[in-house]
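Colleague: Need coordinates for the following:
(one chain, ligands or ions: 4)
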Amino acid sequence: MTPKPMLSTTCPYCGVGCGVRAPAGGGAAVQGDQQHPANHGKLCVKGSSLHETLVPEGRLLYPQVRGQRVTWDSAIGQVAGAIREAVATHGPGSVAFYLSGQMLTEDYYVANKLAKGFIGTPHVDTNSRLCMSSAVAAHKRAFGEDVVPGCYEDLELADLLVLTGSNTAWNHPILYQRMKAANRAGRKVVVIDPRATATTELADLHLKLRPGTDSLLFNGLLVWLADQQAVDHAYLAAHCDGFEDALALARSHAPSLAQVAAACDLAVADLRRFYEWFAATPRTVTLFSQGINQSVAGTDKGNAIINCHLATGRVGKPGASPFSITGQPNAMGGREVGGLANTLAAHRDYEDPADRALVADFWGVPQVAEGPGYKAVDLFEAVHRGDIKVLWIIATNPAVSLPDSARVREALARCPTVIVSDCSVQSDTVQQADILLPAAGWGEKDGTVTNSERRVSRQRAFLPLPAEVRPDWWALAHVGQALGYGAAFTYDGPAAIFREHARLSACNSGTHRCFDLSGLQGLSDDEYHDLGPVQWPVTRQAPAGTTRLFGDGRFATLSGRARLVPVAWIPPQQQPDAQWPLVVNSGRVRDQWHTMTRTGSAPRLLQHRSEPFIEVHPADAAPRGLEAGALATLQREGQSYTGRVIVTDQQRPGEVFVPIHWNGQFASAGLASSLMGPVTDPVSGQPESKHGIASLQGFPARWHARLLQRREAPRRWQAGYWTRVPLQHCDSWWLADTDRKDWAAVLTDWLGGEPTLMMADPAQQRFRAARLLNGRLQAVVMVETDAALLPDTDWLDECFAEPRLSSAQRRMLLAGRRADQPDVGAMVCSCFQVGEKQIQQAIAEGACSVDALGEQLRCGTNCGSCLPEIKGLLLSARSVA
Ligand SMILES: Nc1nc2c(c(=O)[nH]1)N[C@H]1C(S)=C(S)[C@@H](COP(=O)(O)OP(=O)(O)OC[C@H]3O[C@@H](n4cnc5c(=O)[nH]c(N)nc54)[C@H](O)[C@@H]3O)O[C@H]1N2
Ligand SMILES: Nc1nc2c(c(=O)[nH]1)N[C@H]1C(S)=C(S)[C@@H](COP(=O)(O)OP(=O)(O)OC[C@H]3O[C@@H](n4cnc5c(=O)[nH]c(N)nc54)[C@H](O)[C@@H]3O)O[C@H]1N2
Ligand code: SF4
Ligand SMILES: [Mo]
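Modeller: Ligands and ions are numbered 1, 2, ... in the order given. Next up, the predicted model:
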């Protein structure tokens, strides 16, 4: 067979923005793009599993209105009708858009133009509010514009790398691999995070600080730098304002090293070491992410970091810069087009009437909506109040990702018209939509994204549009036309939209602003098709793009000077008390992406973590009688989260960690956001998603079950706890509850009919049962009183692919064990399918290093994201020995 021709495109997951080679027409594995400067051919496990997520199951394929399939003409007519009526009756402010950093720049541009320019509503916000808005605000306050000054190479060049509030090993794995490969004698890595993570593996120093105290830590650093004469006064005098004020306020909050250490709950010696390294290392990069942004003081934390970089003149220089890493593939593109409620297209300021006039002129409208509009949390509150009559949600799942999710769901239920554009039906938000628009997904859509280092890359379509799926820009433009804005929305494709976006950005040429794509405004369709990765600004003077900004000390303010912002210390708003004694931290796991609409359909990606979990410190587990592997429930204000307990001293006492991924499509009660209050940063409006509070108790299950079932008939189960784990040929359900059951009836119900095979020990509450139809397996169930007694059942998956089960297979089914293959344990290396037990065995047999294990089992030799876990297994084997 001749290999399929490969096309270059970009990974749709994290903000690293890796180049991917994908087979035209699909049907084969993706590869890393050797030519792409972000990843040079490497992909992490999510990237290399992309083709496994391109499955028809769960796709949204046709427009629907209130549950009925309709034509696109009808759907667009009804969307336009709802908007027209709301505007006529309640004014344009009754229409709102909630967008996403997973839209392409072209889609985003059209949405923003339609809403702010033509419908005239300022209420356009995006999930980037939950993600990057504190960094955006910090950049604007310090630099005058939302600009990341550095580039990935700086993370390699730095002699001191500070990673704060970031688990790069899992969340930006390819960048982490680059940082790791750049390690050399004399280079230091400091990780600042209240928990130990896969990333702390790389750390020479891990500051396991009290959550929410980062601005104190960096204020303390500013004071230290001043006191140790490590401030670059010449740089400050030439390029910055505000140093004295920032220092004075810092001093009032962080007067001495000892006081800072006590407040941050760190050893004085550790803190001093960090401060000394920072003071002594000109080539320092501070990379920050959600542990900084998702906080009631997120903007201040960002500025506290940037203050230290300005005070030492370390901005935009090789190996020396603050670096806000973006999460979503196009978080940056959304910021360029002005997707946030308080920003205008092309980095223009919403508050400035001249900027508004400039954009209105460009779009050919009398005026753009007067902003700013509602920020995400306030937007959904306005929906709840009834002020918003039409809400169009594109490429995001707010019922899962916004804090206080019960209230968000109430708001959606109250809103007269909720329009949702999505690719998947497996989303809690889609389930609440009135009008559903089927969107093109990765592989089908065509346009550009901008990664964390300002690099614009093409996503190219290599698959045909299935059924009636259409790109988001197409749906938006057609609604624009149906509303009578014809000429402004007659794009014939993404290239035309990109040219318009680049032309608008040219208004920044020759001004103090940096965002400028004027060098790309004249691209022909073919040139756009072939456009290679390039970092903005791209201008006539810099046609090949710009690697770094601000290195010459000229910033994007009118005066050209940067600002040090005085930062007061604001503690997290929700503090634990007697009723809710634990702090709830939330974040990501290595192999899942957000609300699992895509990664949840790749069985390989569910092997690393299969169900919702709660990481608990031994000191919090013991008094509650919680053991590893038990189920437990976190509760806050009538909301609860049930997950599997992981007892670990990676947590600090009094704090638990939960993953953000599970939701109503995958678990009975696995919604992290239900434990978060609607608390936001007063400057950026970003929710404090890292600091909820809750109580914790065991889930007193009387029985535990695994039910594997053909996927034809998805069901919800009446069980206090359930999780769905899709396998290749069936769905696996993990169930548990506190009640007694009439097992004969329940097994028949679960199996969808009388069991064909059965092994029962009712006295012990142990059951194995299966149902076959003409010899073909339909469902199989196993019940035990103790979860630890349940055998690993994933191997049964293959039995569902068999047209007829052999008698040996039937025996194995009831024994619960595959006779011919050992149980490999929890999956560690997803790339080569190497389990924990295999690694432990190899270690026991003498493999004593990561390299030896890699040679023997291949584990960790592809993307490397499991290397920290492999090291952990080596370490724990050593400590036992
Ligand atoms: N596998 C995977 N990768 C992803 C994603 C995904 O869903 N899955 N999502 C992408 C997106 S959109 C984003 S935004 C990024 C996010 O990437 P990260 O920011 O790395 O992700 P998180 O796991 O949410 O949080 C990072 C760390 O912040 C720590 N933290 C909590 N509170 C504090 C605090 O007060 N101070 C400090 N210093 N740290 C604290 C947490 O313990 C956690 O380890 O990941 C991107 N990459
Ligand atoms: N507690 C807590 N909450 C958090 C966070 C946290 O750390 N803790 N992190 C926050 C952060 S940083 C983020 S970024 C958010 C992410 O949260 P969300 O944005 O809500 O999560 P996703 O699952 O990425 O949702 C994207 C949706 O868009 C669909 N989709 C994908 N591609 C396309 C497309 O091209 N077009 C259309 N129309 N649809 C598409 C997907 O199927 C999916 O339903 O969560 C935030 N919420
Ligand atoms: S590091 Fe991010 S962009 Fe690169 S392959 Fe992995 S998920 Fe995709
Ligand atoms: Mo994000």
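
Colleague: From now on I want contacts and neighbour counts done on CA atoms only, so please keep to that.
Modeller: Fine.

Colleague: which ones are touching the most centrally placed residue in the chain?
Modeller: Geometric centre of the chain, nearest residue: His594, 5.0 Å, by C-alpha atoms, centre = their mean. For His594, the contact set (C-alpha atoms under 8 Å, 6 or more residues apart in numbering) comprises Arg588, Ile660, His661.

Colleague: Distance of it relative to ligand 3?
Modeller: From His594 across to ligand 3, the span is 12 Å (C-alpha to the nearest ligand atom, to the nearest Å).

Colleague: Quickly name whichever of the contacts of His594 is closest to ligand 4.
Modeller: Arg588 (10.0 Å; C-alpha to the ion).

Colleague: residues near the closest residue to ligand 4 within the stretch 701-850 of the chain, how many?
Modeller: Closest residue of the stretch 701-850 of the chain to ligand 4, C-alpha to the ion: Ser830 (23.4 Å). Residues lying near Ser830 (other C-alpha atoms under 10 Å) number 23.

Colleague: pretty sure it contacts Leu605?
Modeller: Yes: counting by C-alpha atoms under 8 Å, Ser830 does reach Leu605; the two are 7.0 Å apart.

Colleague: Mutual contacts of those two, please.
Modeller: Shared contacts of Ser830 and Leu605, counting by C-alpha under 8 Å, 6+ apart, come down to Val45.

Colleague: Strands along the stretch 1-150 of the chain, start to end?
Modeller: With DSSP state E, counting those that start in this stretch as the criterion, the stretch 1-150 of the chain has strands at 6-10, 19-23, 31-32, 64-65, 68-69, 95-99, 124-126.

Colleague: If you could redo that for the stretch 301-450 of the chain, that was the one I meant.
Modeller: Remark: strands assigned in the stretch 301-450 of the chain by DSSP E, counting those that start in this stretch are 321-324, 343-344, 348-349, 390-394, 417-422, 435-438, 447-450.

Colleague: Would you format these as JSON lines with mean neighbour count and mean pLDDT included?
Modeller: Below are the strands of the stretch 301-450 of the chain laid out as JSON lines (neighbours: other C-alpha atoms under 10 Å; pLDDT from 0 to 100):
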{"stretch": "strand 321-324", "mean neighbour count": "28", "mean pLDDT": "98"}
{"stretch": "strand 343-344", "mean neighbour count": "24", "mean pLDDT": "92"}
{"stretch": "strand 348-349", "mean neighbour count": "20", "mean pLDDT": "92"}
{"stretch": "strand 390-394", "mean neighbour count": "25", "mean pLDDT": "98"}
{"stretch": "strand 417-422", "mean neighbour count": "25", "mean pLDDT": "98"}
{"stretch": "strand 435-438", "mean neighbour count": "28", "mean pLDDT": "98"}
{"stretch": "strand 447-450", "mean neighbour count": "28", "mean pLDDT": "98"}
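
Colleague: mind checking which of these is nearest ligand 1?
Modeller: Between ligand 1 and the strands of the stretch 301-450 of the chain, the tightest spacing by C-alpha to the nearest ligand atom is seen for strand 321-324, at 9.8 Å.

Colleague: State the distance from the residue lying farthest from the centre of the chain to Glu784.
Modeller: Most distant from the centre of the chain: Ala763, at 46.6 Å, with distances by C-alpha atoms, centre = their mean. Distance, Ala763 to Glu784, using C-alpha to C-alpha, to the nearest Å: 11 Å.

Colleague: right, so the strands of the stretch 1-150 of the chain: which one is the most enclosed?
Modeller: Mean neighbour count (mean count of other C-alpha atoms under 10 Å) peaks for strand 124-126 among the strands of the stretch 1-150 of the chain, with a mean of 29.

Colleague: which helices and strands does that one pack with?
Modeller: strand 95-99 (3 or more C-alpha pairs under 8 Å, 6 or more residues apart in numbering; DSSP states H and E).

Colleague: Just the C-alpha atoms of the strand it packs on, please, in PDB.
Modeller: Provided in PDB are the C-alpha atoms of strand 95-99 (Å, rounded to 0.1, in the frame of the first residue of the first chain):
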ATOM      1  CA  VAL A  95     -27.900  39.300  23.100                       C
ATOM      2  CA  ALA A  96     -24.600  37.700  24.300                       C
ATOM      3  CA  PHE A  97     -21.900  35.600  22.900                       C
ATOM      4  CA  TYR A  98     -19.700  33.200  24.900                       C
ATOM      5  CA  LEU A  99     -16.700  32.200  22.900                       C
END
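
Colleague: Count residues in the vicinity of Gln431, would you?
Modeller: Using other C-alpha under 10 Å, Gln431 has 14 neighbouring residues.

Colleague: what residues are up against it?
Modeller: Applying C-alpha under 8 Å, 6+ apart to Gln431 gives the contacts Val425.

Colleague: Is there proximity between stretch 578-588 and ligand 3?
Modeller: No: using C-alpha under 6 Å from any ligand atom, stretch 578-588 stays clear of ligand 3, coming no nearer than 12.2 Å.

Colleague: Is that stretch in proximity to ligand 4?
Modeller: No: on the criterion C-alpha under 5 Å from the ion, stretch 578-588 is out of touch with ligand 4, staying 10.0 Å away.

Colleague: now the end-to-end length of that stretch.
Modeller: End residues of stretch 578-588 are separated by 28 Å (C-alpha to C-alpha).

Colleague: And for stretch 156-167?
Modeller: End-to-end for stretch 156-167, by C-alpha to C-alpha: 17 Å.

Colleague: Quick one: mean pLDDT over it.
Modeller: The average pLDDT within stretch 156-167 is 98.

Colleague: before we move on, what about stretch 461-474?
Modeller: Mean predicted confidence for stretch 461-474 is 97.

Colleague: How about stretch 864-876?
Modeller: Mean predicted confidence for stretch 864-876 is 83.

Colleague: contacting residues around Asn183?
Modeller: Counting by C-alpha under 8 Å, 6+ apart, Asn183 touches Glu156.

Colleague: likewise Trp442?
Modeller: Pro12, Gln459, Ala461.

Colleague: what's the pLDDT at it?
Modeller: Reading off the model, Trp442 has pLDDT 96.

Colleague: got it, and Val880?
Modeller: At Val880, pLDDT is 55.

Colleague: can you check Lys4 too?
Modeller: For Lys4, pLDDT reads 80.

Colleague: Quick check: closest non-adjacent residue to it.
Modeller: Residue nearest to Lys4 in three dimensions, not counting chain neighbours: Pro23, with 5.7 Å by C-alpha to C-alpha, 6 or more residues apart in numbering.

Colleague: Perfect, I'm done here.
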